[in-house]
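In: Got a sequence here, can you build the structure:
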Amino acid sequence: MRIHFHYLFATALALLFTIVCLPATAINAQAQQTRVPVPTQTPPPQKPVSVDSEPEAEVVRVETDLVNTLFTAVDKDRHFVTSLRAEDVRIFENDVPQTVSLFQRETDRPLSLAILIDTSESQRGVMAQEKLAARAFVESVIRPGIDHATVLSFTGIPKLEQPLTSDPVRLRKGIDQIRVELSAENQRLLAAGEDPLPIEQDPTGYTSIWDALWLTIQEHLIKTPDNTRRAIILLSDGDDTSSRKGKQEVIDLAVKSDVVIYAIGIRDADFPEGKLDAGALRKVSDKTGGRAFIPAGPADLTQAFSQIDQELRSQYLIAYSPTNKNRDGTYRRLRIEIINPALRQQKLQLLYRQGYYAKKCPGAARHRRTGHKPRAEKTELKTLLKIQFR
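Out: Modelled structure (predicted):
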């Protein structure tokens, strides 16, 4: 009897448990199958965070005062020396030795070049040779997608023949379209022994080499990336007749802008007026770290371009942190010497820019007084520039 009672009690208890628990389980299962996502408030879209939008205190700014200089070494036979080591050279700033922080060969740096060709009457007899050599240079040097070049010609003012491009075909077309320019009226005046028309009216009777160099740097090369090798290949006789800018102004701008000038001194031997000013061409080249070439004939002209090609690919980069930490914008002279005794006996020649301008502190005077009026001259040059670059 007791066993039967216990059995009935256990059965009743199990039934009660089933009645209580099953609905809850079913409800939970149904809830899982039909659950609707709970609406959440979507935050408004935010603009991507950029360094410029962050508070100034959260931005880590790293500045370096390293001075970088490229140089080339050649032996007495004008062969390029490509085996120098850091311990073979020493660099000086204002005659004070500096500790070298970086020394390496530079063979693959992208190039930003300007081919600047004098188209005044003194070039008529050699223009075909110049264009042929310039085309060969473009085909040899320019690596599509890596290097860029522009082509300009000039008489009294520069003329843009081809803007900066990495396309050798466009550069060749720019070179092909260059012509010696002398208007019929100026040709008549010069033949009669009279002065040409004013340059503002007709620039074809003039040669403004320094203006053309200045504007090539200011309007083209200075806008190229800082990590490129900037250089101008100038073809002219160096006989400037009408520039508003001076030769030293061009040198200063080129040094400040890290632009090297290679000059090829050439002119028509049958042209009676003017002269080949090799001294002027050498000065503007040497002071900026380039070289001047005075070819005697077509073969020498081709060789000059070949030498420039090799030099652009056979350079060393040397960098140092100057002992003079003053950011005063002053000019600092550079000197690089061979200190390896064995190499000194070979009498190697080192080609490099002969100085640089130190950085200026914010708020420092922008220009020192020099007695010149660059603002007025620059405005005048800009006005002339628009005539040909329009």
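In: Out of the helices and strands in this protein, which is least certain?
Out: helix 2-34 (a mean of 42; mean pLDDT, DSSP states H and E).
In: next structured bit after that one?
Out: Downstream of helix 2-34, the first helix or strand assigned by DSSP states H and E is strand 67-74.
In: Helix or strand next in line after that following strand, which one?
Out: Downstream of strand 67-74 (by DSSP H and E), the next one is strand 89-93.
In: what residues does that next one touch?
Out: 67, 69, 97-98, 100, 103, 318, 320, 322-324, 332-340, 350 (C-beta atoms under 8 Å, 6 or more residues apart in numbering). (Each C-beta comes from the backbone N, C-alpha and C, glycine too.)
In: Quick check: buried residues in it?
Out: Buried residues in strand 89-93, counted by 16 or more other C-beta atoms under 10 Å: 89, 90, 91, 93.
In: now stretch 236-253
Out: 236-245, 247, 249-253.
In: Straight-line length of stretch 132-152, end to end?
Out: By C-alpha to C-alpha, to the nearest Å, the extent of stretch 132-152 from end to end equals 15 Å.
In: Same check on stretch 171-188?
Out: Using C-alpha to C-alpha, the two ends of stretch 171-188 sit 33 Å apart.
In: Out of the buried residues of stretch 236-253, list just those in strands.
Out: Counting by DSSP state E, the buried residues of stretch 236-253 place residue 236 in strands.
In: residue contacts, the closest residue to residue 105 other than its chain neighbours?
Out: Closest residue to residue 105 apart from its sequence neighbours, by C-beta to C-beta, 6 or more residues apart in numbering: residue 316 at 5.8 Å. Neighbouring residues of residue 316 by C-beta under 8 Å, 6+ apart: 70, 71, 72, 73, 84, 103, 104, 105, 106.
In: quick one: low-confidence ranges for the stretch 51-200 of the chain?
Out: 51-64 (pLDDT under 70).
In: Try it again at 90.
Out: For the stretch 51-200 of the chain, the stretches flagged by pLDDT under 90 are 51-65, 75-80, 82, 106-109, 181, 186-187, 189-196, 200.
In: Show me the strands in it, by range?
Out: 67-74, 89-93, 96-98, 100-106, 111-118, 148-154, 158-165 (DSSP state E, counting those that start in this stretch).
In: To residue 311, which of these lies closest?
Out: Minimum separation from residue 311 across those (C-beta to C-beta) falls at strand 67-74, 5.3 Å.
In: From the rest of the structure, what touches that closest one?
Out: 80-82, 84, 91, 93, 102, 106, 229, 260, 289, 311, 314-322, 332, 334, 336, 338, 348-353, 356.
In: Now find how far off-centre that strand is within its chain.
Out: Once both centres are worked out by C-alpha atoms, centre = their mean, to the nearest Å, strand 67-74 turns out to sit 16 Å from its chain's centre.
In: same question, stretch 169-187
Out: 26 Å.
In: which other residues reach it?
Out: 115, 117, 119-121, 123-124, 127, 131, 134-135, 138-139, 142, 149, 151, 153, 155, 161-162, 165, 190, 196-197, 202, 204-205.
In: Would you mind checking the residues you listed for buried ones?
Out: 115, 117, 119-121, 123-124, 127, 131, 134-135, 138, 142, 149, 151, 153, 155, 161-162, 165, 196-197, 202, 204-205.
In: what number of residues lie near residue 99?
Out: When neighbours are counted by other C-beta atoms under 10 Å, residue 99 registers 10.
In: That one - nearest residue in space that isn't next to it in sequence?
Out: In space, residue 99 is closest to residue 320, 6.0 Å off (C-beta to C-beta, 6+ apart).
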